[in-house]
Every structure is written in structure tokens, then in C-alpha cells.
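I would like to see how this sequence folds:
(one chain, ligands or ions: 2)
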Amino acid sequence: MKLKDTTAETSFSYVYLTKRIFKFIKPVLGRVILGFIVAIPVGLLDGVVAYALKPYMDEVLIKKNMLMAALIPFGIVLFAGLQGVLRYLNEYLTNWTGQKVTNSVKIALFDKLVHMDPKFFDENSSGIILTRYLTDPDTASKGILDNLKAFMSAGFGAVALIGVMLYNSWKLAVVGVVVLLVAFLPVALIRKRIKSASNKNMKISGNITTNFNETYAGNKIMTAYNLAQYQKKKFVDKINESFNVNMSLVKRAGWMSPIMYLIASVGIALVMAYGTHLVTSGAMTSGSLLSFVTSLLLLYKPVKTLGNTMTNLQTIFVAMGRTFELFDIYPELKDRENAIELKQIEHGVQFDHVSFEYVEGTPVLKNIDFKVGVGETLAIVGNSGGGKTTIANLIPRFYDVTSGAIRIDGIDIRDITLESLRNHISVVFQDNFLFSGTIRENLLMGNFNATEDEIDNVVRMAHLDEFLHEMPDGLDTEIGERGTTLSGGQRQRVAIARAMLRNAPIVILDEATSALDNKSEAIVQKALDNLIQDKTVFVIAHRLSTIKNAHRIAVINEGELIEMGTHDELMNLPNGKYRLLYEMQFGKEASEMQMQTL
Ligand SMILES: Nc1ncnc2c1ncn2[C@@H]1O[C@H](COP(=O)(O)OP(=O)(O)OP(=O)(O)O)[C@@H](O)[C@H]1O
Ligand SMILES: [Mg+2]
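Ligands and ions are numbered 1, 2, ... in the order given. Down below sits the predicted model:
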């Protein structure tokens, strides 16, 4: 399934999304609630200073009450101290819970990602996957708690200050609150813009990440073909695009805060005018008005925070919509109900009229039909792009056949659990992938239970020792991302050793020795001959010398099985494709000599 760029129909289904994230909040709910409870007094204490101004003005400045004069400043410091302690606690709790929630969302997503099938990775770029599986959940889950916290303390701050205002004069308070509500209206108007900008930005940032990954992985091609400018231009274009998206959002959203401020100032002006009237007519003390106006001014901060939080929450819900969408993507390949455990293989592997297409409407394999028994080696040869690797891909079920079936001992592999199927297969791919880490770690990935002796054995058989003793730390040498510090042939040998260590009953070798020189190939080939004894083996090779020990040879041309038989049988086919290939590789003479010896 291709991850769409603009997605998440659920972006504004707040209840739905909250329900979904709640599953991740639940395990730490106790601390989340504690954090919120602590946020209440942090907010409320904002009102204390404003409240204290009334007695200060009326009792201290006007009535000259000296006891009060001494107490009020102490009180203020005391409250500030208390507020500080609570703030710290609140900070600690929100970070703790925020990170816990983010981590569990990320872990759950990564778990989904590692179980995705190859098709998913064919369709989605590394950059998009990185942003969607890493950046979005970060924004979503950490943001939601942070902002809820800010929302809580600002909310309670506002409540406390409004309380102080009401206490001083309910009439003035009504004026103040009405103005505030009006000031909030613009927030609701821009959420669509925020959603669209956020979706666009996600896509751009995915492209940028892909650009980085390609610059990394393709650095040699980039240098050799002088593509530095070309790569840079792609990057600059994306950066500019992101700039435009952000600026268009700022253009539309940037006036919100000034408008809110303007409306608020109208409120303050109204309050002052009306307040002056109330004080001069004796309906209110000057202390009350002072306390009221201070509350109103102090109210600006929590209200602004509330406004920002509202805007942030929109971004967060958009990210959350995108994040939870990922949880609803399931790999197309999964165990059938009642799938059976593959225990051992007695008869072999059968391709039963298999057809396959990666992309609908473009057949890559057409009606492939053959059997390979246990102890038998089938070589697959044929034109480049003909479908050889595809045949290899179908056996461990990287993809499912489009029609027909692949059977092991007569059982359709779709009826076998994926894990047990793959446990029975060792592969060496055409484009070998090694993980960053040490050579030993890479070998152990073939079989985590391998003993030291077994490792030594495959190191010798795959001819690794030849270069290992030149490495500073031998088997424990770090080999960089994708094994970049090794030569192509060295990488291939590590991959062969990894497959040997796995020692599985089905062996697939896709151009496994193509990067080795003739001498190394001959030696590794011998080792491979040991590996493949009594196994069901598929060997794909262009170099026909590689397959001379195969029991039978299948010739694949443009997705079709056109010839199959032993070397001798195929050489005897008049106008045979195999014979043609053979003659091209070894020259007419060799082939004639071969014929004479028959
Ligand atoms: N992941 C993929 N998605 C779509 N098409 C693909 C994919 N992988 C391969 N193909 C196409 O399928 C066809 C067969 O490819 P395959 O890799 O099986 O060829 P091959 O016989 O192994 O070739 P080579 O000898 O060059 O390795 C090609 O036309 C290729 O473009
Ligand atoms: Mg191939």
C-alpha cells in the first residue's frame, strides 16, 4: 500500500483520535493524572498575586494597615516558592509521561514496519517512511501531552484570574470574558489551512530525507558523475517549497495573534472606562479595580497560551491522524488461519503453473512449472530481467504468486506459517545487504545459536579467513553501514558464510559468487558444494561455470521456462537457447570439444 501524501481523513475526529492514543496513555495514566492535578495549583497560583493587590491597595495604601503591609510581600514570595516546586514536579511528570507515550507509539509502529512485506518497501521511499514512522509520532504523542499540560495550567490560570475578576466586579468580568471569547474566534477558521500545510510539509520533509539517504548511499555515483549540483538543486527546490508552504500558512495564520491582541486591547479599554465610572460612583474600591485590571492584563498570557495550544493541537491531531493511519496498514502477506508449521522437507519444492506480476497487468513470470527434489540442485539461467530473481523471491514468500502455487512437499507455501517457511531457507542475494556492526554479528544473523566452532568452520569454508586476518579486529571488525568498508567480493563471502551458518534445507544462491575472481570462486564453490549437499538448491548464475555441478538447468526467457534438463540434454537440443549461451561464453571450440566427449 502506497502511503499517500495527504492523508488522514480522521485529522479532525478528535474523539476518535483521542480514543486511539488513549490506549498508549493508559499504562502511564496515573502519572499523567498526577501531572494534571499538579498543573491545577500552578495555574491557580497565578491569581494570587492579582488577588493580593486589592487588600494591598485598600488596606495598606489607603487604610495604612501595617501588619498587612508586612505579610503581603512574604505571602507573595511564599506562593511563588510553592508554585516553583509544583512547576518542577509538573515538568518532570509531563516529560516522563510524554516520552513514555511517544516511545510506546514508536515501538508499536516500528514493530509494524519490520513486519511489512517487500511490496510496501517497493512502493514507499525511505524518506517518507522515516518521517511517517518517526517524526509524526514524535509530534503527535509528545505534543499531545505537552499541550494538554500547557492547556491545563493556562486554563486554570485563566480560571483563577477570571475568578479574581468576578470577585472584584461581576459586571466588569462579563465584559472581559465576552471580549475574550470573541478574540478566540479566528482560531477555528484556520484549521483546514494548518492541515493542508502540515500534510505538504510532511511530504516535503520525506523527500528531503530521501535526498539525504540517496546522497549517502549513492555518494560514489554522485561524485563520479559530478552530480553534486544536481543533488543540491533537488535539495534547494524542496527547501524552497517548504519555505513557501510555511510562509503561506504564516501569511494566513500570522494575523491571528495581532487580531486577538487588538480585540483584547479593546476589552481593556472598555474595562478601564467602565471601571473608572464604577470607582468614581463609589460602586467599586480602587483596590478592586487595580486587582481587576491586573488580572485582566495577566490573563493575556494564559489566553495566548491557550490560543497557541489550540493551534498546536490542530497540528498534533493532523500528525496523529497520519500516525494512527499507519496502524491500520497490514502486510498483505500474513499467516493464514490454521497455517501449519513446516517441520522438515522430505520431497522438495514444486512450482505448480506459477504466474506472477509485481504490477498488475505486467506479467513477469508466466506459467512456470517444475519440481526440485531434496538433494537436487537446479540452476536457473536466462536473459537479464527475465525473472530469475523473481523466482527466488517467491520461495520465501516475499511476494505471493498471482496464479498457480508453490508447494513444499505438496503443501501450498501459503498454508505454511511465514516464520517456519523462512526458517527453512538460506539465501545469498544478488545485492547482498550487510548490517552495520561487526562481521561476527552479521554472521550470527544467519543463526543466533551458532557455536564458536561452527563460526570458525564457515569462516574457513567461505574463504573469509583470507581477508579476516588482515583486519584489525578480525571477526569483530566493524564494517560500516551496509558493509561499505568491505570489497564487493568480501561482502559476498560474508553473505555466503551467513547462509552457511543458517544451514537451512532450502538454499537459494542468486549470483552468489559473481563478485569473486576465478580462483576464489573455485574455492568458495567447493565450500558451497558442501553446504548444498542433501538440500533443495536453486542456483542462479550468468557465469555458466558456476552451475556446472547442477543436476538440472532451467532456462528462463522473458518470464517463461523455455528449456529444462541436464547440461547434456540441453546441449543436444538443436537451436537450444542454453547451447547458444554456452557457445557464446566458452566459444565454439569448447562447445565442439564438449560435444565430442559426449
Ligand atoms: N520490485 C519490483 N517491482 C516491480 N517490478 C520489478 C521488481 N523487481 C523486478 N521487477 C521487474 O521484473 C522483471 C524480472 O526481474 P528479475 O529481477 O526477476 O530479473 P532477473 O532475471 O533476476 O535479471 P538479472 O539477471 O538482471 O538479475 C524485470 O522486468 C524487472 O524490471
Ligand atoms: Mg536477478
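
For the closest residue to ligand 2 within the stretch 101-250 of the chain, give me its contacts.
The stretch 101-250 of the chain approaches ligand 2 most closely through residue 118 (14.3 Å), counting by C-beta to the ion. The way it works is simple: take the backbone N, C-alpha and C, and place the C-beta from them, glycine included. Going by C-beta atoms under 8 Å, 6 or more residues apart in numbering, residue 118 touches 393, 398-399.

let's see it at 6 Å
Listed by C-beta atoms under 6 Å, 6 or more residues apart in numbering, the contact set of residue 118 reads residue 398.

would you say residue 335 is within a strand?
No - judged by DSSP: H, G, I helix; E, B strand; the rest coil, residue 335 forms no part of a strand; its state is coil.

surely it meets residue 415?
No - counting by C-beta atoms under 6 Å, residue 335 sits too far from residue 415 to count as a contact (9.3 Å).

Look up how far residue 397 lies from the residue of the stretch 101-250 of the chain closest to ligand 2.
10 Å (C-beta to C-beta, to the nearest Å).

Same check on residue 123?
18 Å.

and after the longest helix along the chain, which helix or strand comes next?
Taking DSSP state H as the criterion, the chain has its longest helix at helix 66-114. Using DSSP states H and E, the helix or strand that follows helix 66-114 in sequence is helix 118-123.

Quick check: what element follows that next one along the chain?
Immediately after helix 118-123, counting by DSSP H and E, sits helix 126-130.

Point out where the stretch 201-350 of the chain drops to low pLDDT.
Scanning the stretch 201-350 of the chain for pLDDT under 70 picks out nothing.

Alongside ligand 1, which residues does it contribute?
Not one residue of the stretch 201-350 of the chain sits near ligand 1, judged by C-beta under 6 Å from any ligand atom.

Tell me how many other residues crowd the residue lying closest to residue 209 once chain neighbours are set aside.
Spatial nearest neighbour of residue 209, chain neighbours left out: residue 127 (3.3 Å); criterion: C-beta to C-beta, 6 or more residues apart in numbering. Neighbour count of residue 127, defined by other C-beta atoms under 10 Å: 21.

did I read that right, residue 210 in a strand?
No - per three-state DSSP, residue 210 lies outside any strand segment and is helix.

Count the residues that sit near it.
Residue 210 has 20 nearby residues by other C-beta under 10 Å.

how close does the closest residue to it other than its chain neighbours get to residue 3?
Leaving out its chain neighbours, the residue that sits closest to residue 210 by C-beta to C-beta, 6+ apart is residue 127, at 3.1 Å. Shown here: residue 127 relative to residue 3, a distance of 11 Å by C-beta to C-beta.

and if you look at residue 416?
30 Å.

Show the pLDDT at whichever residue of the stretch 51-200 of the chain sits closest to ligand 1.
In the stretch 51-200 of the chain, the residue that lies nearest ligand 1 is residue 122 (4.4 Å; C-beta to the nearest ligand atom). Each residue has a pLDDT score; the one for residue 122 is 87.

what do residue 127 and residue 3 both touch?
In terms of C-beta under 6 Å, 6+ apart, residue 127 and residue 3 are not both contacted by any residue.

List, one by one, the residues from the stretch 351-500 of the chain near ligand 2.
Residues of the stretch 351-500 of the chain that fall close to ligand 2, judged by C-beta under 5 Å from the ion: 389, 430.

repeat that with 6 Å
Residues of the stretch 351-500 of the chain found near ligand 2 (C-beta under 6 Å from the ion) are 388-389, 430.

Using pLDDT, spot the least trustworthy of those.
Least confident entry in those, by pLDDT: residue 430, with 78.

okay, now it: neighbour count?
15.

tell me the secondary structure for it?
coil.

which stretches of this structure form strands?
For the chain, applying DSSP state E gives strands covering 348-356, 365-373, 377-382, 403-408, 411-412, 425-428, 506-510, 536-540, 552-557, 560-565.

Okay, now the sheet partners of the first one, with direction.
The one in question is strand 348-356. Sheet pairing here is set by DSSP bridges, and for strand 348-356 it gives strand 365-373 (antiparallel), strand 403-408 (antiparallel).

Just grab the bridge partners of the nearest residue to residue 476 once chain neighbours are set aside for me.
Nearest residue to residue 476, sequence neighbours excluded (C-beta to C-beta, 6+ apart): residue 438, at 4.8 Å. Beta-bridge partners recorded for residue 438 (DSSP bridges): residue 478.

okay, which residue is most central for this protein?
residue 133 (2.7 Å; C-alpha atoms, centre = their mean).

Surely residue 68 touches residue 62?
No - at 11.2 Å, residue 68 and residue 62 do not qualify as touching, with contact defined as C-beta under 6 Å.

Show me which of those two is the more surrounded one.
Under the criterion of other C-beta under 10 Å, the comparison of residue 68 against residue 62 puts residue 68 first, with 16 against 12.

Identify the residue spatially nearest to that one, adjacent ones excluded.
Nearest non-adjacent residue to residue 68 (C-beta to C-beta, 6+ apart): residue 59, at 4.7 Å.

Do you know the pLDDT at the one you found?
Reported pLDDT for residue 59: 86.

again, but for the one 10 residues further on
Here the pLDDT value assigned to residue 69 is 84.

What's the local residue count around residue 461?
22.

Now do it against ligand 1, distance only.
Look at residue 461 and ligand 1: by C-beta to the nearest ligand atom, to the nearest Å, they are 25 Å apart.

quick one: that residue and residue 527 touch, right?
Yes - Residue 461 lies in contact with residue 527 (C-beta under 6 Å); the separation is 3.7 Å.

quick one: contacts for whichever residue of the chain sits closest to ligand 2?
Across the chain, the shortest distance to ligand 2 (C-beta to the ion) belongs to residue 389, at 3.1 Å. By C-beta under 6 Å, 6+ apart, residue 389 lies in contact with 430, 510.

which residues touch residue 401?
354, 356.

ok, the residue nearest to residue 50 when sequence neighbours are not counted - contacts?
Excluding the flanking residues, the one nearest residue 50 by C-beta to C-beta, 6+ apart is residue 295, at 4.1 Å. Counting by C-beta under 6 Å, 6+ apart, residue 295 touches 50, 161, 164-165.

likewise residue 506?
By C-beta under 6 Å, 6+ apart, residue 506 lies in contact with 424-425, 536.

ok, residue 212 to ligand 1 distance?
Residue 212 is 23 Å from ligand 1, by C-beta to the nearest ligand atom.

Equivalent analysis for residue 562, please.
Residue 562 is 13 Å from ligand 1, by C-beta to the nearest ligand atom.

just residue 277 next, same as before
78 Å.

contacting residues around that residue?
Taking C-beta under 6 Å, 6+ apart as the definition, residue 277 has no contacts.

how many other residues sit next to the closest residue to residue 248 other than its chain neighbours?
Take residue 248 and drop its neighbours on the chain: the residue closest to it by C-beta to C-beta, 6+ apart is residue 197, 7.2 Å away. Residue 197 has 22 neighbours, counted by other C-beta under 10 Å.

likewise residue 306?
Residues near residue 306, counting by other C-beta under 10 Å: 19.

Number the chain from 44, please
Will do, 44 is the new start, and the previous item becomes residue 349.

In this structure it contacts residue 197, no?
Yes - the criterion here is C-beta under 6 Å, and residue 349 meets it with residue 197 at 5.0 Å.

Quick one: low-confidence residue ranges for the chain.
Looking at the chain by pLDDT under 70, you get 44-45, 47-55, 229-235, 631-641.

OK, contacts around the residue nearest to residue 252?
249-250, 252-253.
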